[in-house]
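Novice: sequence and predicted model, in that order:
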Amino acid sequence: MATAERGIHLNDIGTKFLVTVAEDGSAKDISAGVVSTKKLLFRKPDDTEVFFAATYENTGVDGMIYVLSTADGSTGPKIDVAGRWELQAFIELVSGEKFTSDKYVFDVWDSIANA
């Protein structure tokens with residue numbers, strides 16, 4: 001996941017949370033013909049968990065999926081709690097096999113002002 005240190009702040013909108021799904025150290029093919037479900041799970045510092053349908057960064061062959069933060073939390077996380085967040089991909093293959101990505105952690109910082 002590529003984000004600048006201290007780069008995510010309360011109420012940020014449009015922040016891209018990009019995850020590469022890998023197996024045994026190599027990107028996993030999670031393209032449309034292979035995957036039936038692709039979601040990102042976010043756990044907020046208050047232990048609230050929310051899932052969002054993920055979008056392919058490219059075609060999915062490279063294992064890359066993402067969601068964007070939103071103002072209302074409808075299609076991506078609403079960045080409304082400061083502190084340590086967790087992020088993990090959940091994938092279900094057409095074959096029925098289910099697996100998760102590595103878990104990522106990131107910090108959300110208070111903003112000086114809410115414009």
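Specialist: The structure has been received and is ready for your questions. Numbers count the residues shown, from 1 in each chain.
Novice: from the rest of the structure, what touches stretch 32-42?
Specialist: 17, 19, 30, 49-54, 56, 59-60, 65-67, 77, 85-94 (CB atoms under 8 Å, 6 or more residues apart in numbering). From N, CA and C alone the C-beta is placed, and that goes for glycine too.
Novice: can you do 7 Å?
Specialist: Among residues not part of stretch 32-42, those counted as contacts by CB atoms under 7 Å, 6 or more residues apart in numbering are 17, 19, 30, 49-54, 60, 65, 67, 77, 85, 87-94.
Novice: remind me which helix or strand residue 90 belongs to.
Specialist: Residue 90 belongs to strand 83-93 when assigned by DSSP states H and E.
Novice: alpha carbons of that strand, as PDB, please.
Specialist: C-alpha atoms of strand 83-93 as PDB (Å, rounded to 0.1, in the frame of the first residue of the first chain):
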ATOM      1  CA  GLY A  83      -5.900   6.300  15.300                       C
ATOM      2  CA  ARG A  84      -4.500   2.900  14.000                       C
ATOM      3  CA  TRP A  85      -6.600   1.300  11.300                       C
ATOM      4  CA  GLU A  86      -6.300  -2.200   9.800                       C
ATOM      5  CA  LEU A  87      -7.000  -3.300   6.200                       C
ATOM      6  CA  GLN A  88      -7.200  -6.700   4.600                       C
ATOM      7  CA  ALA A  89      -8.500  -8.000   1.300                       C
ATOM      8  CA  PHE A  90     -11.100 -10.800   1.200                       C
ATOM      9  CA  ILE A  91     -11.300 -12.800  -2.000                       C
ATOM     10  CA  GLU A  92     -13.600 -15.600  -3.100                       C
ATOM     11  CA  LEU A  93     -12.700 -17.600  -6.200                       C
END
